[in-house]
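Student: What follows is a predicted protein model with its sequence.
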Amino acid sequence: MAITTSIALSFSALRAVAMSGSSANEKHAKRADESWADGVGADQADEVWSDDRSLAVGTETHDLQSLTQLDDAGATLRSSISFDGVKALLIKNTSATGILSIGGAGANPWDGAGTPFQVATGKIDIQPGGMLLWTAPTAAGGAVAAGAKDLLMEATVDTVTYEIVVLGLAT
């Protein structure tokens, strides 16, 4: 089945600046749009996986070469979802408290050139209510290698809830 994906991000801030005898507005506005057609080249993707998760104190690991898509009731929609490359990763910490730490998987971490984690111990902390959006529109995306560089780990010292979406290339 064909897949078409888009992300639209808009940032806008207006700051009033006092000047001698008057005022002015300092405007900051940026927009970033990314889209992927169905396929395996640059600006293309052919696989997607998402989930809403709850993580108690500790860690959980997502094997990017062995994921299962569940429906809202927890029934399996598709099993054995396997990525060869990741084109976009969106993780939102939906908790009011608790930091969600992403990356740093001990064995076979998803790291290296083209990924957001350049070393096996690389981590990104997502604050409560915060999010991570990472994209790689190149043909290969962030490469995934079975049994070598395929594990994405989440860790927390508090119970957290989060949403995750992975877009990429099927194996």
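Tutor: Thanks, I have it.
Student: which parts of stretch 146-166 are buried?
Tutor: Across stretch 146-166, burial judged by 16 or more other C-beta atoms under 10 Å covers 149-156, 160, 162, 164-166. C-beta: built from backbone N, CA, C; applies to glycine.
Student: Quick one: those residues as a markdown table, columns for pLDDT and distance to residue 75 too.
Tutor: Shown next, in a markdown table, are these (pLDDT from 0 to 100; distance: C-beta to C-beta, whole Å):
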| residue | pLDDT | distance to residue 75 |
| --- | --- | --- |
| 149 | 92 | 31 |
| 150 | 93 | 25 |
| 151 | 93 | 25 |
| 152 | 94 | 24 |
| 153 | 93 | 26 |
| 154 | 92 | 23 |
| 155 | 91 | 28 |
| 156 | 92 | 27 |
| 160 | 96 | 25 |
| 162 | 97 | 21 |
| 164 | 97 | 19 |
| 165 | 97 | 20 |
| 166 | 97 | 20 |
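Student: List just the nearest of those to residue 60.
Tutor: When these are compared for distance to residue 60 (C-beta to C-beta), residue 154 wins out at 5.5 Å.
Student: Assign the closest one to one of the three secondary structure states.
Tutor: Here residue 154 takes the strand state, with states given by DSSP: H, G, I helix; E, B strand; the rest coil.
Student: Is it in contact with residue 57, as I believe?
Tutor: No - contact criterion C-beta atoms under 8 Å: residue 154 and residue 57 do not qualify, at 11.9 Å.
Student: quick one on the thing from earlier: just send the buried residues of stretch 146-166 back as CSV, with distance to residue 118 too.
Tutor: Shown next, in CSV, are those (distance: C-beta to C-beta, whole Å):
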residue, distance to residue 118
149, 12
150, 16
151, 16
152, 14
153, 15
154, 18
155, 18
156, 22
160, 25
162, 23
164, 21
165, 22
166, 19
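Student: right, and residue 40 touches residue 141 too?
Tutor: No - when contacts are counted by C-beta under 8 Å, residue 40 is not listed as touching residue 141 (9.7 Å).
Student: list residues touching both of these two?
Tutor: Here residue 40 and residue 141 have residue 169 as joint contacts, going by C-beta atoms under 8 Å, 6 or more residues apart in numbering.
Student: Looking only at neighbour counts, state which of the two leads.
Tutor: residue 141 (26 against 16; other C-beta atoms under 10 Å).
Student: Please tell me how far the more buried one sits from residue 37.
Tutor: 14 Å (C-beta to C-beta, to the nearest Å).
Student: Need the pLDDT of the residue of the chain most remote from its centre.
Tutor: Taking C-alpha atoms, centre = their mean, the residue of the chain most remote from its mean C-alpha position is residue 21, at 47.4 Å. For residue 21, the model assigns a pLDDT of 74.
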